[in-house]
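[1] the sequence and its predicted three-dimensional model are supplied below.
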Amino acid sequence: MIIPVILAGGAGSRLWPVSRESFPKQFITFQAGSGSLFQETLCRLRGLAGIGAPIVICNQDHRFLVAEQLRAIGISDARILLEPVGRNTAPALALAALEAQKDGTDPVLLVLAADHLIQDVGAFQQVLGLGRQQAEAGHLVTFGIVPTAPETGYGYIRRGQAQGAGFRIERFVEKPDGKTAGAYLASGEYYWNSGMFMFNASNYLQELAASQPTMLSVCRDASDGSTRDLDFIRIPAAIFEHCPADSIDYAVMEKTRKGLVLPLDAGWSDLGAWSALWEQGPHDDQGNVVSGDTLLQDVRNSYIHADFRLVSVLGLDDAVVIETRDAVLVSSRHRVQDVKTLVSRLKNAQRSEADSHRLVYRPWGSYEGLASAEGFQVKRIVVKPGASLSLQLHHHRAEHWIVVQGTARVTCGEDVFMLGENESTFIPVETRHRLENPGIEPIILIEVQCGTYLGEDDIVRFEDIYGREAQT
C-alpha cells in the first residue's frame, strides 16, 4: 500500500499579499475551476492503485483549514499530525513513518509538498509507478525535476551512475548563482530538487537511525506520547521540542547508500514566487497573465491579479500587480523573489497585514473586518450550517448583533432565543453568550463591538466543541 504523506506547513511569504501565515499558499485556489494547491496535491493521486488514507503534517494554527479542505474533497479518513514546533522535514517524516506503522504494516510512503503544481498528471503517475517499484526494492527515491532553465531559486541534485529507470545520487547542491545554474543546465547531469520522496517506512527509519539516532529516539518518544483530539493527532511539545532540526536531504539522503533519483518531466512548479504564476499562463497577446477585474493599456509580459476592486494598469512591462482587500503589491517581475523581505519589514513594524487577512477563517465559518476606529469595530460574520461558536464572554467589550441572512440561536446570560433576519440583539460586557446556526443555510450577521479593548485575545471560553484553549 502507498500512504501519501503531505507536508502542509510553510507560510509562502513570497506570494504575499495573497499568501499569509494565517492562510498560506497551500490552501489557496490559484486557478479557476480547481481546488487549493493542497487539495490538488491529493486529487492528482486519484486512480493510482493501492493508495491508502493520507497522513497530513501541519501546524496547529492550520488544523481546521486542513480538516475542512479534506472534507470538501471527500477525504474523511486522513490522519492529521500537528507539529507543536517546526523541526524541518527529517523529524516530520519520522513521525509520519512511525504513525504509518501503528497498524502493523510497513507501507510505501509517498512524500509530497502541499504547495506544488503539476500539469501533466499522467506523466506524474507513471513516474510514481516506477518509484514504487524502486521503493519496494529497498531504495529511498527522490524525484528530480528535468530543468528547463538555469533557475537560481531551486536546489539541485547531481545524478551519478544509472540504475534501472533512475540514477544513483551523487550529491545535493544548494541554490546556485546564475552562471553556475547555466553550467548545471548545459551538463545535463543535474535535476531540480523537488522535495518529493518515496520509500518504505521501515527503510527510512533504519537510515535515520544510522545517521541521526538522537533524532529518531526523540521522534519515537513523541509518537508514543501522541494523543487524539477530534480529527487530529497531537504531538507532545514537551518531548518534540528537544528534537534536533534537519532536512531529509542532509539527515538521510546525502548519507544513505540506498538513494536514487528518478527524472520527472511533468510540468512541475513549486509556485515559489509571482513570476512562477506568470510562467504558468495562460498569456494574452501581449504576454500578460490576468485574473479578476482588470483594465490594461500598453502593458506587456506582466502578471496582474485583482481580488476585490478594478485594477487599472498603464504602460508597464515585466510587472507584477497584486490587489487584495487590505494590501497592494507592485513589483518588477524580476524582483519577486525579494517579496519576503517586504514581509519581514512588515513583521518588524508589527503590521497585521504580514500575517493575516481581513477575512479570517474559523472552524465555524469566518469573520471579516469592515471598519474600525477608537472604541469600536465592525465585522461581517458567517456561521456555517450546524456550526456553533464557543460559550464565551469578553471583559472589555460589548457586542451588537444584526442578522442579515438566516436564523440564529442566541445564548445571552440565562436567556436562549431565536434571532431572524432584520432582527438584532445586544451582548453586554462580562455576559456569557453563544451564537449557533441550527439551520441548513449559512447565517450572515453584522457585529458591532464597542469597548476599551477590542483585541481577539479578550475572550474566555467555557465550552468549545473545537477543543480550543480558553485564550485562543
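    Perfect, thanks for sending it.

[2] every contact and neighbour count from this point should use C-alpha atoms.
    Noted.

[3] quick check: Phe462 is in a strand.
    Yes. Phe462 forms part of a strand when assessed by DSSP: H, G, I helix; E, B strand; the rest coil.

[4] ok, now how distant is it from Leu393?
    In this view, Phe462 and Leu393 are 8 Å apart by CA to CA, to the nearest Å.

[5] those two - which one has more neighbours?
    Leu393 (23 against 13; other CA atoms under 10 Å).

[6] these two touch, right, that one and Val460?
    Yes. Using CA atoms under 8 Å as the test, Leu393 is close enough to Val460 to be in contact (5.5 Å).

[7] for Asp293, see how far away Val313 is.
    In terms of CA to CA, Val313 sits 11 Å off from Asp293.

[8] Pro4 against Ala53, yeah?
    Yes. With contact defined as CA under 8 Å, Pro4 reaches Ala53; the gap is 7.3 Å.

[9] what about Glu463, how many residues nearby?
    15.

[10] which residues touch it?
    Ser390, Leu391, Gln392 (CA atoms under 8 Å, 6 or more residues apart in numbering).

[11] what residues are up against the second one?
    Applying CA under 8 Å, 6+ apart, we find Leu391 in contact with Arg432, His433, Arg434, Arg461, Phe462, Glu463, Asp464.

[12] bridged to the closest residue to the second one other than its chain neighbours, which residues?
    Taking CA to CA, 6 or more residues apart in numbering, and ignoring the residues beside it in sequence, His433 has Cys412 as its nearest neighbour in space, at 4.5 Å. Note on Cys412: beta-bridge partners by DSSP bridges are Asp415, His433.

[13] now stretch 369-386 - C-alpha only, CSV.
    Extracted in CSV, the C-alpha atoms of stretch 369-386 (Å, rounded to 0.1, in the frame of the first residue of the first chain):
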residue,chain,number,x,y,z
GLY,A,369,-13.2,43.3,9.5
LEU,A,370,-15.2,46.1,7.8
ALA,A,371,-14.4,49.2,9.8
SER,A,372,-12.6,50.2,13.0
ALA,A,373,-11.6,53.3,15.0
GLU,A,374,-11.0,54.2,18.6
GLY,A,375,-13.5,52.4,20.7
PHE,A,376,-15.3,50.4,18.1
GLN,A,377,-15.0,47.9,15.2
VAL,A,378,-17.5,46.3,12.7
LYS,A,379,-17.3,42.7,11.5
ARG,A,380,-19.2,40.6,9.0
ILE,A,381,-19.6,37.1,10.5
VAL,A,382,-20.6,34.0,8.6
VAL,A,383,-21.6,30.8,10.5
LYS,A,384,-21.8,27.5,8.7
PRO,A,385,-25.0,25.4,8.9
GLY,A,386,-24.9,23.3,12.1
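
[14] which residues touch it?
    358-359, 364-368, 436-454.

[15] mind listing the strands the longest strand along the chain pairs with, and their directions?
    Determined from DSSP state E, the single longest strand within the chain is strand 190-200. The strands beside strand 190-200 in its sheet (DSSP bridges) come out as strand 108-113 (antiparallel), strand 140-145 (antiparallel), strand 156-163 (antiparallel).

[16] packing partners of the following helix or strand past that strand?
    Counting by DSSP states H and E, the next helix or strand C-terminal to strand 190-200 is helix 201-211. Packing partners of helix 201-211 (3 or more CA pairs under 8 Å, 6 or more residues apart in numbering; DSSP states H and E): helix 89-100, helix 213-224.

[17] can you give me the strands for the stretch 151-300 of the chain?
    Here the stretch 151-300 of the chain has its strands, by DSSP state E, counting those that start in this stretch, at 156-163, 166-173, 190-200, 227-229, 232-234, 259-264, 268-269, 289-291, 294-297.

[18] typo on my end, the stretch 1-150 of the chain
    2-7, 55-59, 79-83, 108-113, 117-118, 140-145.

[19] how far does the first one sit from the chain's center?
    Pointing back at strand 2-7 there. 15 Å (CA atoms, centre = their mean, to the nearest Å).

[20] could you dump stretch 288-297 to CSV, C-alpha only?
    Coordinates of the C-alpha atoms in stretch 288-297 are reproduced here as CSV (Å, rounded to 0.1, in the frame of the first residue of the first chain):
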residue,chain,number,x,y,z
ASN,A,288,0.2,39.2,-19.8
VAL,A,289,-1.5,36.8,-17.3
VAL,A,290,-4.5,38.4,-15.6
SER,A,291,-7.2,37.4,-13.1
GLY,A,292,-10.1,39.4,-11.7
ASP,A,293,-11.5,42.8,-12.7
THR,A,294,-8.6,44.4,-14.7
LEU,A,295,-8.1,47.1,-17.3
LEU,A,296,-4.8,47.1,-19.1
GLN,A,297,-3.3,49.5,-21.6
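
[21] quick one: mean pLDDT for that stretch?
    Mean pLDDT, computed over stretch 288-297, is 97.

[22] and what of stretch 456-469?
    Here the average pLDDT along stretch 456-469 is 83.

[23] got the buried residues for that stretch?
    The neighbour-count check on stretch 456-469 (16 or more other CA atoms under 10 Å) flags Ile459, Val460, Arg461 as buried.

[24] who's in contact with the spatially closest residue to Ser19 that is not a sequence neighbour?
    Nearest non-adjacent residue to Ser19, counting by CA to CA, 6+ apart: Lys25, 4.9 Å away. Lys25 is in contact with Ala11, Gly12, Leu15, Val18, Ser19, Leu37, Asp115, counting by CA under 8 Å, 6+ apart.

[25] quick one, grab the pLDDT at Lys25.
    95.

[26] roughly how far apart are it and Gln297?
    With CA to CA as the criterion, Lys25 and Gln297 are 29 Å apart.

[27] packing partners of the helix-or-strand element of the chain with minimal mean pLDDT?
    Least confident helix or strand, the chain: strand 359-362 with a mean of 88, by mean pLDDT, DSSP states H and E. Where contact means 3+ CA pairs under 8 Å, 6+ apart, strand 359-362 is packed against strand 365-373.

[28] mind listing what's buried in the strand it packs on?
    In strand 365-373, counting by 16+ other CA under 10 Å, buried: Gly365, Tyr367, Glu368.

[29] one more: stretch 373-391?
    For stretch 373-391, using 16+ other CA under 10 Å, the buried residues are 376-385, 387-391.
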